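Colleague: fold the stuff below for me.
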Amino acid sequence: MKVKLNDVVEALAISSDESAYYYNKETEALVFVMDPIFGCDDQELLDDLEENGEKYIRLPSKYEINEYQLMRAFIRSLPPGKVQKRLERAIRGSGAFRYFKDTLYDLGIEKQWYECKDEEFRKIAIRWCEENGIEYK
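Modeller: Okay, the predicted model is just below:
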């Protein structure tokens, strides 16, 4: 079994409440599945998942990744000071994701965040591949 690591990273980054990605062990391809409640129009794929679930491996969901923890780790990686304090305040309470991103842009460090986030997603993708015996390139 083989997969492109960048494809796994991208799938992890765009997963949502309404969708999931699976790895098809037979075709060695990632497949995107939209929750039927939100209008999945690939009934054939849904049926195959239900009837032949053993040939699919689900990628980690956004809840398994926990982007909030990634934000906290990023903040802790910064030198102590005003930038770190502003970001710590931004992630408190409701709207934490929006305030965090707005603050990143205000501080001009959004590129640093996205590089860090991409690297973490890459580590998660590698771990997922290794745990499931999937070769990656």
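Colleague: from here on, just use CA atoms for contacts and neighbour counts.
Modeller: Will do.
Colleague: so after the helix or strand bottoming out on mean pLDDT in the chain, what's the next helix or strand?
Modeller: Ranking every helix and strand in the chain by mean pLDDT, DSSP states H and E puts helix 43-51 at the bottom, with a mean of 82. Per DSSP states H and E, the first helix or strand lying C-terminal to helix 43-51 is strand 56-58.
Colleague: quick one: the strands in this protein?
Modeller: Using DSSP state E, the strands assigned to the chain run over residues 2-3, 19-24, 29-34, 56-58, 135-136.
Colleague: circling back to that earlier point, and the least confident helix or strand of the chain, what other elements does it pack with?
Modeller: Packing contacts for helix 43-51, counted by 3 or more CA pairs under 8 Å, 6 or more residues apart in numbering; DSSP states H and E, involve no helix or strand.
Colleague: picking that back up, hey, which of the strands of the chain is tucked in deepest?
Modeller: With neighbours taken as mean count of other CA atoms under 10 Å, these reach their highest mean count in strand 19-24, at a mean of 19.
Colleague: strands paired with it, and their directions?
Modeller: Next to strand 19-24 in the sheet, as set by DSSP bridges, lie strand 29-34 (antiparallel), strand 56-58 (antiparallel).
Colleague: how about the ones you listed in TSV, adding mean pLDDT?
Modeller: Putting the strands paired with strand 19-24 into TSV (pLDDT from 0 to 100) gives the following:
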stretch	mean pLDDT
strand 29-34	90
strand 56-58	96
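Colleague: list the buried residues of the helix ranked longest in the chain.
Modeller: When the chain is parsed with DSSP state H, its longest helix is helix 110-131. Neighbour-count burial for helix 110-131, counted by 16 or more other CA atoms under 10 Å, picks out E110, W113, C116, K117, E120, F121, R122, I124, A125, I126, W128, C129.
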